[in-house]
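Visitor: Generate a structure from the sequence data that follows.
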Amino acid sequence: MPRRPRIHLAGIPLHIVQRGHNRDACFFGEDDYHTYRHWLGEALKTSGCRLHAYVLMTNHVHLLLTPPAPEAVTQLVISLGRRYVQYINKTYRRTGTLWDSRYKSSLVQADAYLLLCQRYIELNPVRAAMVDDPAHYRWSSYRANGLEQADPLLTPHEAYVGLGRTETARLAAYRALFRAELDADAIGDIRMALDQGQPLGNSRFLDSIERATGQRREVKPRGRPRKPATAPSGLQAQLTMKL
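Guide: Predicted coordinates:
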């Protein structure tokens with residue numbers, strides 16, 4: 001069965017997951033996380049992508065970003081992957097691949113699902129029982145989004161900025177989102193969207209993606225949006241598909 005083509009659209013948030021080859025580790029020591037962050041920063045600058053949330057786990061990475069153009073996503077992933085693999089192979093005197101050959105991605109409806117996706121990403125270390133609070137994990141965006149720790153990699157999304165009129169109000173509102181655990185349906189929706197390369201959003205959002213791409217998106221997430229949503233603007237932007 002042919003693989004479902006990836007969809008990247010300018011101005012539409014994208015959730016990306018890249019795993020280590022055969023689910024093996026891709027980070028082996030503290031310097032590796034620092035080096036990955038460095039090259040991620042360089043790739044963000046050259047591609048123009050805006051990063052909203054991330055987590056670096058032992059054997060995989062989550063990124064939530066908005067690209068300025070469809071091709072910017074591939075540019076970022078290739079540039080970052082190549083430079084980081086070169087560093088790992090040289091440092092640990094190894095050869096061969098480090099990442100799975102295909103990264104997974106899912107478009108995200110900004111006004112209804114983006115903050116849900118950010119919570120999913122930043123709660124990864126808690127679900128993995130590595131920490132009991134996302135603030136205790138160093139290699140994610142939570143400390144910046146929830147505790148005002150400076151992180152030059154991040155550009156807050158409008159959905160995050162809209163949480164409060166002041167920085168203090170936004171931080172408090174964001175932390176409040178983490179008081180309740182993500183329910184099983186929400187987790188299932190996000191994972192299904194990634195596994196199948198489907199957009200994460202309500203029926204109106206999926207219909208908009210279908211009109212923009214000419215592709216029928218039949219499998220739809222079970223969860224409901226947290227508030228009424230309208231189709232995001234810019235969906236008629238250029239489509240890129242990487243088989």
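
Visitor: Ramachandran angles for Ala150?
Guide: Ala150 adopts backbone torsions of phi -60, psi 130, taken as degrees, to the nearest 10.

Visitor: Skip the chain neighbours and tell me the closest residue to it.
Guide: Ala144 (7.0 Å; C-beta to C-beta, 6 or more residues apart in numbering). C-betas here are computed from N, CA, C, even on glycine.

Visitor: same check, this time on Pro152
Guide: Gly41 (6.6 Å).

Visitor: Quick check: which element contains that neighbour?
Guide: Here Gly41 sits within helix 30-47, counting by DSSP states H and E.

Visitor: Equivalent analysis for Ala53, please.
Guide: Short version, using DSSP H and E: Ala53 is in strand 50-56.

Visitor: correct me, but Arg37 touches Leu154?
Guide: No. Contact criterion C-beta atoms under 8 Å: Arg37 and Leu154 do not qualify, at 11.2 Å.

Visitor: in this protein, which spans are helices?
Guide: 30-47, 70-91, 110-122, 124-127, 142-147, 158-161, 167-177, 184-196, 203-213 (DSSP state H).

Visitor: so of those, which one's packed in deepest?
Guide: Of the helices of the chain, the one with the most neighbours on average (mean count of other C-beta atoms under 10 Å) is helix 110-122, at a mean of 24.

Visitor: OK, contacts around the most centrally placed residue in the chain?
Guide: For the chain, Leu64 is the residue whose C-alpha lies nearest the centre (C-alpha atoms, centre = their mean; 2.5 Å). The contact partners of Leu64, by C-beta atoms under 8 Å, 6 or more residues apart in numbering, come to 13-16, 51-54, 108, 114, 117-118, 121.

Visitor: same check, this time on Thr46
Guide: Thr46 makes contact with 75-76, 79, according to C-beta under 8 Å, 6+ apart.

Visitor: Please tell me how far it sits from Arg93.
Guide: To Arg93, Thr46 is 29 Å away according to C-beta to C-beta, to the nearest Å.

Visitor: Name all residues that make contact with the closest residue to Ala159 other than its chain neighbours.
Guide: Spatial nearest neighbour of Ala159, excluding adjacent residues (C-beta to C-beta, 6+ apart): Leu114 at 4.5 Å. Contacts for Leu114 were tallied using C-beta under 8 Å, 6+ apart; they are 13, 52, 64, 108, 157, 159-160.
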